[in-house]
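[1] quick one, structure for this:
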Amino acid sequence: MNTNQQKVVKYYTNPETKLGFDYVLWGSKHFGFYPTGKADITEKEAQILHQDLVAKNLDLKETQTVLDAGCGQGVVSAYLAKKFGSKIFGITLVPFEVERAQERAKSLGVQEKTEYQVMDYSATNFPDNYFDAIYTTETLSHSPDIRKTLQEFFRVLKPGGKIALFEYTLAPDEKFSAWEKKMLDVVIEGSAMMGLKDFRHDQFTVVVKNAGFENVKEQNITENIRPSFYRLHKLSTLPYKFIKLLGLQKIFINTTAGYEYYKMADKGLFRYCIFTGCQAKIPPASPTQIRSSISAKTFRPGSLAVCASLSEATISSFSLAANSFQTSIFIKSSARIVFLKIFLVWFNRILSGEVGYKWVSINFLALAFRAIKPHSLEIKCPSLFIVSGKEHSSISTSTLLEKIASLSS
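    Below is the predicted model:
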């Protein structure tokens, strides 16, 4: 395990953390959802409604395969598998949580519907396009690289698959007082929430969109979670008086968070939000497929193929290869580079249907369009498959040319 992963394991194996989750949250890692915004139901009932909300936002069905990224002790996954019949894979960095989750699934009779293992959600071993849905419940903030994690979610999600991320967001730094900043940093360090500061009010949807997801939406449900916040605040008030007096906040992280974070939430510095989005319904080329496709051995003499790297949020470079070349040539899309004649010949050939390889980037075509007049092309290829960081779709060649013209203008 790397240093960041060790921090996560250390936090969840901390005695205060284990006692808190076991006896205050009954093994759960998430807050409760109160429909009226008032404490007119029990916390356990509110937690169940929160779990139902996960299912609602994913449009969960029995036939689906689902990833619980940061599954904890399997509270949510076992419940959803029992109620909806979905096949759910739960992954966590914490070994004892896998054992607890397996025990819970067995007690609910869903051991055949669930599978738990120790795994980093930023670098899973699942195949491309494997899951129908992915969710997190207050666990994504443990990622030291949110963008990498979202790209991994994008990779393993099926075309048309959905995500639902139940996470906190923060106000801009300047909104926090010096004391609030100090307590924020103390809890972030002690609870291994390395990525929390990437979640900013009204801005995180952009991060999700840049990972390639479509139809991204944000729901602010802070008022529905507030009674759950307040419950922890009340429980922590008395012990926190002594903790603060003795300067022990770094040792009693959860008690500190329960007291201080509620006050911040009351001032609007903290929000609790649901972020939803989906994969495009037509599958993009995976990085693995692309790498194997650009091998010189796969091309007929004289043919070329263009690869759009999906490792970046937006297309930043392209690799072109032909078996007459011994090495790949990289072109930055942001640079106004004069294209070699061979690129223009290839562009003409793919639109005329002579080249069978149809993976193309709109950005690349827009650049090539500046050097080729559309009326000079005899278009025989009826459709192309477009791959970019933001959209993946089948498109008629005539529509494509109109789009390229608008991009290159």
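
[2] specify the residue ranges that define each domain of this protein.
    Residue ranges for each domain of the chain read 3-278, 287-408, as given by automatic domain parsing.

[3] quick one, helices of the stretch 101-250 of the chain?
    Assigned by DSSP state H, counting those that start in this stretch, the stretch 101-250 of the chain shows helices spanning 146-156, 178-190, 204-210, 222-246.

[4] return the most buried member of those.
    helix 146-156 (a mean of 22; mean count of other CB atoms under 10 Å). Bear in mind the C-beta positions are built from the backbone N, C-alpha and C, glycine included.

[5] summarise which helices and strands that helix is packed against.
    strand 65-69, strand 131-137, helix 204-210 (3 or more CB pairs under 8 Å, 6 or more residues apart in numbering; DSSP states H and E).

[6] please convert the ones you listed to JSON lines, extending it with distance to Ala46 and mean pLDDT.
    Formatted as JSON lines, these follow (distance: least, CB to CB, whole Å; pLDDT from 0 to 100):
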{"stretch": "strand 65-69", "distance to Ala46": "20", "mean pLDDT": "98"}
{"stretch": "strand 131-137", "distance to Ala46": "13", "mean pLDDT": "98"}
{"stretch": "helix 204-210", "distance to Ala46": "24", "mean pLDDT": "95"}
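
[7] contact partners for the nearest residue to Asp132 once chain neighbours are set aside?
    Nearest residue to Asp132, sequence neighbours excluded (CB to CB, 6 or more residues apart in numbering): Gln64, at 3.8 Å. By CB atoms under 8 Å, 6 or more residues apart in numbering, the contact set of Gln64 is Leu58, Ser86, Lys87, Asp132, Ala133.

[8] mind doing that once more with 10 Å?
    Leu58, Phe84, Gly85, Ser86, Lys87, Ile88, Phe131, Asp132, Ala133, Lys158, Gly161, Lys162 (CB atoms under 10 Å, 6 or more residues apart in numbering).

[9] and of the residues you listed, the nearest to Thr149?
    Phe131 (14.2 Å; CB to CB).

[10] what about that closest one, neighbour count?
    Neighbour count of Phe131, defined by other CB atoms under 10 Å: 25.

[11] how about Asp202?
    Asp202 has 12 neighbouring residues, counting by other CB under 10 Å.

[12] again, but for Arg200
    Neighbours of Arg200 under the rule other CB under 10 Å: 16.

[13] identify the residues contacting it.
    Thr169, Leu170, Ala171, Pro172, Asp173, Val206, Val207, Arg271 are the contacts of Arg200 under CB under 10 Å, 6+ apart.

[14] which one of those residues is nearest Glu260?
    The closest of the contacts of Arg200 to Glu260 turns out to be Leu170 (CB to CB; 13.3 Å).

[15] shouldn't the closest one be in contact with Lys267?
    No. If you go by CB atoms under 10 Å, Leu170 and Lys267 don't touch, sitting 11.7 Å apart.

[16] of those two, which one has the most company?
    Neighbour count, other CB under 10 Å: between Leu170 and Lys267, Leu170 has more, with 22 against 13.

[17] about what we covered before: gap between the residue nearest to Asp132 and Gly212?
    20 Å (CB to CB, to the nearest Å).

[18] and Gly268, by the same measure?
    From Gly268 to Gly212 the distance is 31 Å (CB to CB).

[19] likewise Tyr11?
    Counting by CB to CB - Tyr11 and Gly212 are separated by 30 Å.

[20] the more surrounded of the two?
    Neighbour tally, Tyr11 and Gly212, criterion other CB under 10 Å: the higher count belongs to Gly212, 24 against 19.
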